[in-house]
Structure formats: C-alpha cells, structure tokens
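1. Sequence below, structure please.
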Amino acid sequence: MEAANSKNKEISVGSHVRYTGTGSAGEVLGLRSDDEGLWAKVDTTQLWYNSRYLELMDDEEYHRLKSRESRRKTKKSSEDSERETTRKKVESIKQDLKDVDMSSELCDGGG
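-> Reported below is the predicted structural model:
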C-alpha cells in the first residue's frame, strides 16, 4: 500500500517523512486507510499521521536532521550529568556541615 502526500508524492513503508504540524520526522512503519484518508505510522513518535500533512524527506536531509538531534541529546545528557554531579557535591557538603559541633565550648564570640 502506498499513500500520497499533499504534493502527490508517494509515501511508502520505509520512507522518511516530516509532519508539517510540528516538524516531527521519522521513518514510516506502516500505512492504513479509512474514511478520513490515508495514514502513516512514524517510528519516532509511534503515532499515525494523515498523509496529506506529511512531506517526504530525502535521505541526506533526514540524516542531517537526525545528526543534529543526536548532538542536542548528547549536549543535554552532558548538562544533566554535570547537574547531577553538582547536586551530589552540595549534598556531601550539607552532610559534612550537619556533623559539625557548634556548641559554645568550641566557639568564642569576638568582642
């Protein structure tokens, strides 16, 4: 089964497409039709999209987009890792300070 998008280009299983509503892109996993039109299931969202709202992407454009997304995810992962390391350091310092005895015998007021 093949579906056609708004520009009458054929979409088939394995095609790379972008949903024009959100810019979500992925590979077509399946096709189906009903009274409302032809639908394509996209791998990245696992959602069915009406084919008239999908645009075909050539392999180069698709891989460039996926590469850009991969770099963003790597950067975000790195930032999350740094944030977690900082959180652990703060918790460690809090614990160290919690164990400090601040009784009046050890501290003398200035004056």
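
2. Spatially nearest residue to residue 32 (excluding sequence neighbours)?
-> Distances taken as C-beta to C-beta, 6 or more residues apart in numbering place residue 39 nearest to residue 32, at 5.2 Å, with adjacent residues excluded. The way it works is simple: take the backbone N, C-alpha and C, and place the C-beta from them, glycine included.

3. check contacts around the one you found.
-> 3, 31, 32, 33, 48, 49, 50, 51 (C-beta atoms under 8 Å, 6 or more residues apart in numbering).

4. Quick check: bridge partners of the fourth one?
-> Residue 33 has the following beta-bridge partners by DSSP bridges: residue 38.

5. one step back: going through the contacts of residue 39, which ones are buried?
-> With neighbours counted using 16 or more other C-beta atoms under 10 Å, the contacts of residue 39 contain these buried positions: 3, 31, 49, 50, 51.

6. just those residues now: which is nearest residue 89?
-> In terms of C-beta to C-beta, no member of the buried ones among the contacts of residue 39 lies closer to residue 89 than residue 49, at 45.2 Å.

7. where does the protein dip in pLDDT?
-> 1-8, 75, 101-111 (pLDDT under 70).

8. Repeat the analysis, applying 80 as the threshold.
-> 1-9, 66-80, 96, 99-111 (pLDDT under 80).

9. tell me the SS of the one residue sitting closest to the centre of it?
-> Geometric centre of the chain, nearest residue: residue 73, 6.8 Å, by C-alpha atoms, centre = their mean. Secondary structure, DSSP: H, G, I helix; E, B strand; the rest coil: residue 73 is helix.

10. i'd like the first residue to be 8 from this point on
-> Let's use 8 as the start, then, which means that last one is residue 80.

11. ok, now which ones touch it?
-> Neighbours of residue 80 in contact, by C-beta under 8 Å, 6+ apart: none.

12. separation between it and residue 30?
-> With distances taken as C-beta to C-beta, to the nearest Å, residue 80 is found 16 Å from residue 30.

13. Kindly report the same for residue 73.
-> 13 Å.

14. Give me the more crowded residue out of these two.
-> residue 73 (15 against 8; other C-beta atoms under 10 Å).
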